[in-house]
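In: mind folding the following:
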Amino acid sequence: MKKTMLVAMIAIMTMLTIGSVFAYQYGNRTNATVDKVVAEAAVESGDYSAWKLLHVDSSGKMASLINEGNFYLLKEMHEAKEAGDFARVQEIKAELGFQSGKGQDKGMHKGQGAARNSEDCQYAN
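Out: Reported below is the predicted structural model:
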């Protein structure tokens with residue numbers, strides 16, 4: 001009886017731990033509502049109004065940095081990425097005010113830092 005109870009408690013603790021990890025890792029995405037395919041099509045066609053409409057409820061850094069006056073840079077950055085000109089991508093990111101590099105968490109949770117930075121500019125990473 002004690003052995004069965006111990007196994008059951010370990011199984012429950014394992015499930016709770018795994019559930020917590022997934023909830024933390026995937027549950028805290030501010031831009032999860034933005035349809036990346038539609039947003040990318042808007043960037044490729046140069047349609048700022050359509051792009052902005054997709055980001056209305058977004059609290060990500062990209063939505064606050066991109067405006068109608070500099071939207072052409074987002075399109076240019078996307079084109080540079082597609083062409084493999086990553087030096088130009090970094091120049092445009094700096095011009096727009098995005099953080100340079102990935103993993104801004106000083107070594108801690110580098111994967112999450114990289115994901116957060118790519119959320120900030122999904123067209124450059």
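
In: ok, residue 55 - contacts?
Out: By CB atoms under 8 Å, 6 or more residues apart in numbering, the residues touching residue 55 are 31, 34, 39, 62-63, 66. Every residue, glycine included, has its C-beta placed from N, CA and C.

In: and which of the residues you listed is nearest to residue 14?
Out: When the contacts of residue 55 are compared for distance to residue 14 (CB to CB), residue 31 wins out at 31.1 Å.

In: would you map the helices across this structure?
Out: 2-27, 36-45, 48-54, 61-65, 71-83, 86-96, 110-120 (DSSP state H).

In: quick one: the contacts of residue 55 as TSV, columns for distance to residue 45, neighbour count and pLDDT too.
Out: Output for those, formatted as TSV (distance: CB to CB, whole Å; neighbours: other CB atoms under 10 Å; pLDDT from 0 to 100):
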residue	distance to residue 45	neighbour count	pLDDT
31	20	20	46
34	16	20	73
39	11	21	87
62	18	22	81
63	19	19	82
66	15	22	90
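
In: domain map for the protein?
Out: Following automatic domain parsing, the chain resolves into domains at 1-30, 33-120.

In: lowest average pLDDT across the ones you listed?
Out: In terms of average pLDDT, domain 1-30 trails the rest of those, at a mean of 65.

In: how near is residue 12 to residue 42?
Out: Using CB to CB, to the nearest Å, residue 12 is found at 46 Å from residue 42.

In: scratch that, residue 89
Out: Residue 89 sits at a distance of 19 Å from residue 42 (criterion: CB to CB).

In: again with residue 14
Out: For residue 14 relative to residue 42 (CB to CB), the value is 44 Å.

In: more neighbours, the two?
Out: Relative neighbour count places residue 42 above the other of residue 14 and residue 42, with 22 against 10, counting by other CB atoms under 10 Å.

In: wait, that one sits on residue 71?
Out: No: judged on CB atoms under 8 Å, residue 42 makes no contact with residue 71 at a distance of 9.4 Å.

In: who touches both of those two?
Out: Residues touching both residue 42 and residue 71 (CB under 8 Å, 6+ apart): 48, 51.

In: and residue 43, how many neighbours?
Out: Taking other CB under 10 Å as the criterion, the count of residues near residue 43 is 22.
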